[in-house]
Structures are given as structure tokens and as C-alpha cells.
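K.L.:
Starting from these lines, generate the structure:
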Amino acid sequence: MTSHAIESGNYDWLNSLRKNGPLILILLTVISLTLLGLTALYSVSQADSIHSRNLMMKQICWIILAITLGSLTYTINLDNFRKYAWLQATVIVTLLLLVLYTPLGVKVNGAQRWLNLPGIRIQVSEFAKIGLIFLLAHYLASNHRNIKKFTYGFIYPLAIVGTFFGLIFIQPDMGTAILIGSVSMIMLFFAGVRKFHLLIMILLAATIFITAVSKNPERLDRISAFIDIDSHRTDGAHQLWQGILALGLGGEYGTGLGIGRQKLAYIPEAHTDFIFSVIGEELGFAATAGIVLTYLAIFIICILQLPNATNMFQYILMSGAVLIITLQALFNLGVVTGCLPTKGIPLPFISYGGSNIAAMSILVGIILNCIRNWSHKISIKHFEI
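P.N.:
Next up is the predicted model:
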């Protein structure tokens, strides 16, 4: 083989790695988190073998569906699908209204968040995250030249975000509402909306939040419990206290997979929002640190790919997708470690929940779709609106 052929082969290999490396890394991180979630789920529910089989089978079925949805999202033409942005947003808003105001809505633990359909129960707010970032990306890209104007840069975005935020907030699902509100503000910032307009939106959201908390005794109790965990460890902060205790018991190396005690009725709903605590107890600091670094890796990989964006729509859309995943992870970790008040925020790819794993898979499909398109068009120098 000639030296020229060897150099050509090396160049092809490096070029292929440059194009596909980020895709492979993101897929590996998502697969690792999902497998860890299944392992933790089995451990959490092992005390009841029948319950364990039911949870595992349901989650596996949802994962299969999630893989299908994510694969379809990866293959579609995102730019062509933009024409359906308002239609899909209308469908999701309609479903949110059905949850709130029809018998199809199901209330669990005081929150009306689920839509009961034949053979399946869906948490619509999980898919509303996707609908919002898709519509917002489409709107901001379409009106980029007018985004500094009050009407286009404040009134219309406020109406879009406010509709999704309000319908989710009154379920009530304050955690998801704050998450989509935060992501929306960052997307607007990336699109070039005036900082003054962003400040007004943030102040409006903060006013709504403070008013809602001050007028609701249960929410006030949660804030009080968060401020003074030790004094409320037998009531309002019981779940948080047990979660922190589980992390402490795990130490550096953990008690061993399946051996943890906190999951045995000490941590309520340990397979959902507080599954990170169970992992910390049984697998130790190395596993929990690994999870944090994995989410950080997803964020860094995606952020490094953003400069390769070839149009404003995909740039903002991918920004929203990665922010939903990583901020949701950050919120969950903040709650479990006592840095944030307790809210119903699942840990992406790890917590039990079909709607969440399906929505996260679609977001990953969007991210991989964008990266694949950009790597194929890397030679294009201009940035399309």
C-alpha cells in the first residue's frame, strides 16, 4: 500500500470520526443511563416480585416505544416538519385542556397531570416540552429580523410560552412549568430578544410563582420544610430527609446492588423522582458522580456542536432540546440533594415513567438529527434563517 493510500485511509477514518463521533458518544451516554435506570428499578422493586415484574415490563415496553419514536425523529426532515409546528402545538394544548377540564383527566396525589386513554395513561406535560421548544424555535427563526421589536420580541413569545406555562402550572405541576419557563427564556436570549423584554417576562413569572406559593398552605409547607429540613424530617421533608440519608449511607462504594434499605418504604415513590438516592446508597459516590458527569458530557458535546448549525431554526431547536434534558437532570439532582425544594421532576432516562422516557427519546432524536445534518453540511459557510 502506498503512503498516499495510507494517508487517504487515515483521513477518511478521521473524517468519519469527526462526523459520527458526537452521535456515538451521545448514544452511548443515553444507553448507559437507561440501562442503569432499569437496573435501579429492578433493585427498588425487588421486595415485591410481582410488582417488580410489572414495573420492569411496563418500563421495557415504554423504552421500546421510546426507541421507535426517537428513531423516527432522527430520520425526519426537521426543516420540512416546521410547517406543522402550529398544528402540533394546537394538538398538545388541546390535550392539556382535556387533562384539566374533562373526565379523561386523572388526578393523582392532588395533581391532575395524566390523560387516561384506552389501555394507556399519558402525562401530556412531558410532550408539551417538545411542542413548546419546536414552536418557539419555528417562531423565533421565522421572525428573527423583527425580534427586537416589542410585538415580535415580547408580546407573541409571551403568549406562546404563557399558554404552555399556564396550563401546566395550574395542574399543578410547578416543577415542569418552571423548567419550560427557564428553557424558553434561554432560547429567547439565544435568538436575540432584548434583555429588557426578557427581564419583564422573568419578573412576571416570578410574581406568579410567589403569589401561587403564598396563597397555598401546602406549597408554603414545602418551602418551610426545604428551609429547615431537620425540623420537618418526619412530615414535610420526610422524603427529602430519607433521600439524603440514603446518599450518606452509600458512602464511597455503596452498600451493594439490591442491598439498600431506604427503598424499603422509607423513601416514598423511590422508583421515580428519588431513584438517584437509591443508586447513591447501593452503588456509592462513584456511580452518582458518574451520572452527573454523563449529563455534563451530553451538555458539553451538544454545546460544542452548536457553532456548526446551518440555520437559525435548528440552532434554537437543538439548544432547547439539550436544555430540557440537562436542566431537568439538574433540577432533579438539586431536589434529591436538598439544594432545591421538592418537586415532581423525574431524572431523564433513569426514573420510572413511560411519558418521560418517550419524550426524552424524541429530544435525543432531535439532537442527533441536527448533528447529523450539520456534519454533512459542514462546508457550508453561510447561516440560513
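K.L.:
Can you show me the helices along the stretch 1-150 of the chain?
P.N.:
3-44, 49-75, 78-81, 85-101, 124-142, 150 (DSSP state H, counting those that start in this stretch).
K.L.:
Find the one among those helices with the highest mean neighbour count.
P.N.:
helix 124-142 (a mean of 24; mean count of other C-beta atoms under 10 Å). To be clear about C-beta, it is placed using only N, CA and C from the backbone, and glycine gets the same treatment.
K.L.:
Quick one: list the elements packing against that helix.
P.N.:
If contacts are counted by 3 or more C-beta pairs under 8 Å, 6 or more residues apart in numbering; DSSP states H and E, helix 124-142 sits against helix 85-101, strand 111-117, helix 156-169, helix 174-191, helix 312-336, helix 354-376.
K.L.:
do that again at 6 Å, thanks
P.N.:
Contact analysis of helix 124-142 by 3 or more C-beta pairs under 6 Å, 6 or more residues apart in numbering; DSSP states H and E lists helix 85-101, helix 156-169, helix 174-191, helix 312-336, helix 354-376 as its packing neighbours.
K.L.:
Give the closest residue to Phe169 in space, chain neighbours not counted.
P.N.:
Nearest non-adjacent residue to Phe169, counting by C-beta to C-beta, 6 or more residues apart in numbering: Ala177, 4.1 Å away.
K.L.:
rewinding a little: between the helices of the stretch 1-150 of the chain, which one is nearest to Leu323?
P.N.:
Closest to Leu323 of the helices of the stretch 1-150 of the chain, according to C-beta to C-beta: helix 124-142, at 8.2 Å.
K.L.:
Give me the contact list for the closest one.
P.N.:
Contact with helix 124-142 is made by 82, 85, 88-89, 92, 95-96, 99, 113, 115, 164, 168, 173, 176, 180, 187, 191, 312-313, 316-317, 320, 324, 355-356, 359, 362, as judged by C-beta atoms under 6 Å, 6 or more residues apart in numbering.
K.L.:
Now do it against helix 354-376, angle only.
P.N.:
30 degrees (axes from the mean of the first three to the mean of the last three C-alpha atoms, to 10 degrees).
K.L.:
where's helix 124-142 relative to the chain centroid, distance-wise?
P.N.:
Distance of helix 124-142 from the chain centroid (C-alpha atoms, centre = their mean, to the nearest Å) equals 13 Å.
K.L.:
Moving along the chain from that helix, name the first helix or strand you hit.
P.N.:
Proceeding N to C from helix 124-142, the next assigned helix or strand is helix 150, under DSSP states H and E.
K.L.:
Just put the helices and strands packed on helix 124-142 in TSV and tack on distance to Gln305 and mean pLDDT.
P.N.:
Listed next are these as TSV, based on distance: least, C-beta to C-beta, whole Å; pLDDT from 0 to 100:
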stretch	distance to Gln305	mean pLDDT
helix 85-101	22	93
helix 156-169	25	93
helix 174-191	14	92
helix 312-336	8	93
helix 354-376	5	91
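K.L.:
Relative to Ile210, which of those is closest?
P.N.:
Closest to Ile210 of the helices and strands packed on helix 124-142 is helix 174-191 (C-beta to C-beta; 11.7 Å).
K.L.:
For that closest one, name the packing helices and strands.
P.N.:
Secondary-structure packing of helix 174-191 (3+ C-beta pairs under 6 Å, 6+ apart): helix 124-142, helix 156-169, helix 195-214, helix 312-336.
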